[in-house]
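**Student:** Take this sequence and fold it.
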Amino acid sequence: MRFAPGFLVALAFASPAIAQPRPATPQDGIAEQHRERLRLEAPSVPLQNRESRLGDARAPNVEGAREWLKEAQEALRRGQMGEANEYLERAATQILTRSTDASRASEPLRDSNLRLIADARAALMRGDRRAAADAIDHAMRGG
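**Tutor:** Numbers count the residues shown, from 1 in each chain. Reported below is the predicted structural model:
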């Protein structure tokens, strides 16, 4: 079989383009949540489960909401937005887990850090790392 010289030249120029890697797609729980919102069937959340297992592995070494906020801050610095979201959820859970007198149990907890954590999670969902980092920093300073 004989190839035309033009074909070989075209192949030589096309080879680098073919070999280029595809742009990386976000592979974390945040991206997964966005994809699942577009699906009509039952959700499948293996990446969120992975991030939950990472949190479970860290849990014995983390005490209190402030420590979870530090973990979220560090995950955000590494670009792990899904992991940061998991740790923010755990920080909020720490704040909401409280002992209170039975007569006051129906009163909602008013804590400025809960609002800041919610703001940080919303920023993560928008992909706004700067706003998320600012909200986490503000929560770590005590609201």
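
**Student:** any idea which helix or strand of this structure has the worst average confidence?
**Tutor:** Every helix and strand of the chain was ranked by mean pLDDT, DSSP states H and E. The lowest is helix 5-19, at a mean of 50.

**Student:** Tell me if I'm right that Leu124 and Met81 touch.
**Tutor:** Yes - counting by C-beta atoms under 8 Å, Leu124 touches Met81, with 5.2 Å between them. For glycine as for every other residue, the C-beta is placed from the backbone atoms N, C-alpha and C.

**Student:** between the two, which one's more packed in?
**Tutor:** Between Leu124 and Met81, counting by other C-beta atoms under 10 Å, Leu124 is the more crowded of the two (26 against 23).

**Student:** Quick check: neighbours shared by Leu124 and Met81?
**Tutor:** Counting by C-beta atoms under 8 Å, 6 or more residues apart in numbering, the shared contacts of Leu124 and Met81 are Ile30, Ala132.

**Student:** so where's the chain uncertain?
**Tutor:** 1-28, 32-62, 143 (pLDDT under 70).

**Student:** Give the buried residues for the helix or strand where Asn113 lies.
**Tutor:** Per DSSP states H and E: Asn113 is located in helix 112-126. Residues of helix 112-126 classed as buried by neighbour count (16 or more other C-beta atoms under 10 Å): Asn113, Leu114, Leu116, Ile117, Asp119, Ala120, Arg121, Ala123, Leu124.

**Student:** Kindly report the same for stretch 66-84.
**Tutor:** Those would be 66-73, 75-76, 80-84, for stretch 66-84 by 16+ other C-beta under 10 Å.

**Student:** Stretch 127-134 now?
**Tutor:** Neighbour-count burial for stretch 127-134 flags Ala132, Ala133 (criterion: 16+ other C-beta under 10 Å).

**Student:** still on that earlier bit, want to try a markdown table for the buried residues of helix 112-126, with distance to Glu89 as columns?
**Tutor:** Below are the buried residues of helix 112-126 laid out as a markdown table (distance: C-beta to C-beta, whole Å):
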| residue | distance to Glu89 |
| --- | --- |
| Asn113 | 13 |
| Leu114 | 12 |
| Leu116 | 14 |
| Ile117 | 8 |
| Asp119 | 14 |
| Ala120 | 10 |
| Arg121 | 7 |
| Ala123 | 14 |
| Leu124 | 11 |
